[in-house]
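Asks: Using only what follows, build the 3D model:
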Amino acid sequence: MSNYSDDVRLCRVDFFKDSGKWYTTEAILFPDDTYKLHPVEALTIALQRQIGGRLSSMIAVCLSPYVENQFPVMLIGWKEGE
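Replies: Got it, this is the predicted structure:
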């Protein structure tokens, strides 16, 4: 499993504008309680807990989410209640 730092729970997430232009990269810490979840659900929870609504209008891409059965994930919108 490749990861973004010495902590395997810390994963790189890239954010893109609607146009597809790269905007920024964030290191997102996946909580231990999301390890057994589906990667989409785990990434959504991690983003909500760590950055809330900030950047939620952008496309989030995580190539190696910290979950048991990982695969690349792309999300559009993750604000609570969506």
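
Asks: Check what contacts stretch 31-42 and list those residues.
Replies: Contacts of stretch 31-42 with the rest of the structure, by CB atoms under 8 Å, 6 or more residues apart in numbering, involve 9, 30, 45-46, 49, 62, 65-71, 73, 75. Heads up, the C-betas are built off the backbone N, CA and C, glycines and all.

Asks: So which of those residues belong to helices?
Replies: Among those, the members falling in helices (DSSP state H) are 45-46, 49.

Asks: Name the member of those residues that has the highest neighbour count.
Replies: Using other CB atoms under 10 Å as the neighbour definition, these reach their maximum at residue 46, which records 25 neighbours.

Asks: List the contacts of that one.
Replies: With contacts taken as CB under 8 Å, 6+ apart, residue 46 has the following neighbours: 11, 28-31, 34, 65.

Asks: What is the burial count for residue 37?
Replies: Other residues near residue 37 number 19, with proximity taken as other CB under 10 Å.

Asks: Return the members of the contacts of stretch 31-42 classed as buried.
Replies: 9, 30, 45-46, 62, 65-67, 70, 73, 75 (16 or more other CB atoms under 10 Å).

Asks: Would you mind measuring from residue 70 to residue 20?
Replies: When CB to CB, to the nearest Å is applied, the distance between residue 70 and residue 20 equals 24 Å.

Asks: got a list of what the residue nearest to the spatial centre of the chain touches?
Replies: The residue lying closest to the centre of the chain (CA atoms, centre = their mean) is residue 43, at 4.1 Å. Contact partners of residue 43, counting by CB under 8 Å, 6+ apart, are 13, 28, 30, 60, 62, 65, 73, 75, 78.

Asks: Using the three-state scheme, assign residue 20.
Replies: For residue 20, the assignment made with DSSP: H, G, I helix; E, B strand; the rest coil gives coil.

Asks: Grab the nearest non-local neighbour of it.
Replies: In this structure, residue 20 finds its nearest non-sequential neighbour in residue 59, 8.0 Å apart by CB to CB, 6 or more residues apart in numbering.

Asks: which residues touch that neighbour?
Replies: Neighbouring residues of residue 59 by CB under 8 Å, 6+ apart: 15-18, 20, 74-76.
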